[in-house]
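Undergrad: need a structure here:
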Amino acid sequence: MKEEIKLDLLCSRVCDIARNAGQFLLQEMGKVKENDIQTKGIHDYVTYVDKTSEAQIVKALAATFPEAGFIAEEDKSLNAGAEYTWVIDPLDGTTNFIHKIPLFSVSIALMNHKEVVLGVIYEPNYNECFYAWKGSPAFMNQFPVKVSDTSLIKESLFATGFPYYDYSKIRPFMDVFEHMIRHSRGLRRLGSAAVDLAWVACGRLDGFFEYGLHPWDVAAGSFIVQQAGGRNADFSGKSDYVFGKEIVSTNHLVFDDFMNIMFKNF
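TA: Down below sits the predicted model:
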């Protein structure tokens, strides 16, 4: 596969696959019963909707690009590919979905070895598809998007996510939380890391930070932010944010100031 020739066409196909999955999510919203909900871990839930959505996505991607392997949230029997690997979250925001809160997403990324080369996030409630491929700008529904031009923390709006199983960093996390409450325009907790990142990419949010994450939560979104002109890092300022379970993602103007806040607390 020659990515410089075919990634744009592949991205278009992945957008269609994500939209189809998102429409399935909308179709099933409100139908999930309490006995349909399984607990994977502390505050970590899964339903038949997650599993069915993932199976549909995997089948469609395998037919589109048979050479690639998979890293997927629900089916741990899937294996990464030797060269290319799809990283899939079939329903990011399961708790929102269960409670009929209309904010959740489908997230699909393609990695070439350790490099993300394509990312798609579809939020079906708003019918917004965010996407990019290596060498492209970031798009939302065929329109180019870019990160905000906010340059001061005091004028910025950030999003975060609350830890739900790993409380080892809760104290410094809450210190940063308090700092941002006092010194920014506020914090939002949307319930979908993929949507948080997509909204950083299109400039609705100026930044996002969270820990306790997985590759399927952030692979597509962090890549779209990068292609939209933003910056990503782990909490130590390094580049281990896809597999490192923590991420800071901001526009390029507030990145250094926010990382200084992180360095003071972590």
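Undergrad: tell me which residues touch the residue most central in space within the chain, please.
TA: Central residue of the chain (CA atoms, centre = their mean): residue 194, 2.4 Å from the mean position. Contacts of residue 194 were listed using CB atoms under 8 Å, 6 or more residues apart in numbering, and they are 89, 92, 93, 105, 107, 121, 217, 218, 220, 221. C-betas here are computed from N, CA, C, even on glycine.
Undergrad: partner residues bridging residue 118?
TA: residue 110, residue 133 (DSSP bridges).
Undergrad: okay, it: pLDDT?
TA: Looking at residue 118, its pLDDT is 98.
Undergrad: mind checking how far stretch 155-164 is from the chain centre?
TA: Chain-centre distance of stretch 155-164: 14 Å, with CA atoms, centre = their mean, to the nearest Å.
Undergrad: cool, stretch 101-110 as well?
TA: 7 Å.
Undergrad: try stretch 169-189
TA: Relative to its parent chain, stretch 169-189 has a centroid offset of 20 Å by CA atoms, centre = their mean.
Undergrad: and it, average pLDDT?
TA: The model assigns stretch 169-189 a mean pLDDT of 97.
Undergrad: list the buried residues for that stretch?
TA: For stretch 169-189, a neighbour-count test (16 or more other CB atoms under 10 Å) marks 169, 173, 176, 177, 179, 180, 184, 187 as buried.
Undergrad: before we move on, back to that, measure the residue nearest to the centre of the chain to residue 261 for me?
TA: From residue 194 across to residue 261, the span is 24 Å (CB to CB, to the nearest Å).
Undergrad: so the protein: which segments form each domain?
TA: For the chain, automatic domain parsing gives the domain ranges 3-145, 153-265.
Undergrad: comparing these, which comes out most buried?
TA: The highest average neighbour count among the domains of the chain, using mean count of other CB atoms under 10 Å, belongs to domain 153-265 at a mean of 20.
Undergrad: need the contacts of residue 194 in JSON lines with distance to residue 247, pLDDT and secondary structure, can you?
TA: Putting the contacts of residue 194 into JSON lines (distance: CB to CB, whole Å; pLDDT from 0 to 100; DSSP: H, G, I helix; E, B strand; the rest coil) gives the following:
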{"residue": "89", "distance to residue 247": "14", "pLDDT": "96", "secondary structure": "strand"}
{"residue": "92", "distance to residue 247": "14", "pLDDT": "96", "secondary structure": "strand"}
{"residue": "93", "distance to residue 247": "17", "pLDDT": "94", "secondary structure": "coil"}
{"residue": "105", "distance to residue 247": "16", "pLDDT": "98", "secondary structure": "strand"}
{"residue": "107", "distance to residue 247": "13", "pLDDT": "98", "secondary structure": "strand"}
{"residue": "121", "distance to residue 247": "15", "pLDDT": "99", "secondary structure": "strand"}
{"residue": "217", "distance to residue 247": "8", "pLDDT": "97", "secondary structure": "helix"}
{"residue": "218", "distance to residue 247": "5", "pLDDT": "98", "secondary structure": "helix"}
{"residue": "220", "distance to residue 247": "12", "pLDDT": "98", "secondary structure": "helix"}
{"residue": "221", "distance to residue 247": "9", "pLDDT": "98", "secondary structure": "helix"}
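Undergrad: if we can go back for a sec, just the element for the residue nearest to the centre of the chain, please.
TA: Applying DSSP states H and E as the criterion places residue 194 in helix 193-201.
Undergrad: need the next SSE after that helix, C-terminal direction.
TA: Using DSSP H and E, the helix or strand that directly follows helix 193-201 along the chain is strand 207-211.
Undergrad: next one: the helix or strand where residue 11 lies to chain centre, how far?
TA: Assigned by DSSP H and E, residue 11 belongs to helix 3-28. Relative to its parent chain, helix 3-28 has a centroid offset of 15 Å by CA atoms, centre = their mean.
Undergrad: could you name the helices and strands sitting against it?
TA: The contact analysis (3 or more CB pairs under 8 Å, 6 or more residues apart in numbering; DSSP states H and E) places helix 3-28 against helix 48-64, strand 105-112, strand 115-123, strand 128-133.
Undergrad: of the ones you listed, which is nearest residue 12?
TA: Closest approach to residue 12 among these (CB to CB): strand 128-133, 8.5 Å.
Undergrad: no further queries at this time; thank you.
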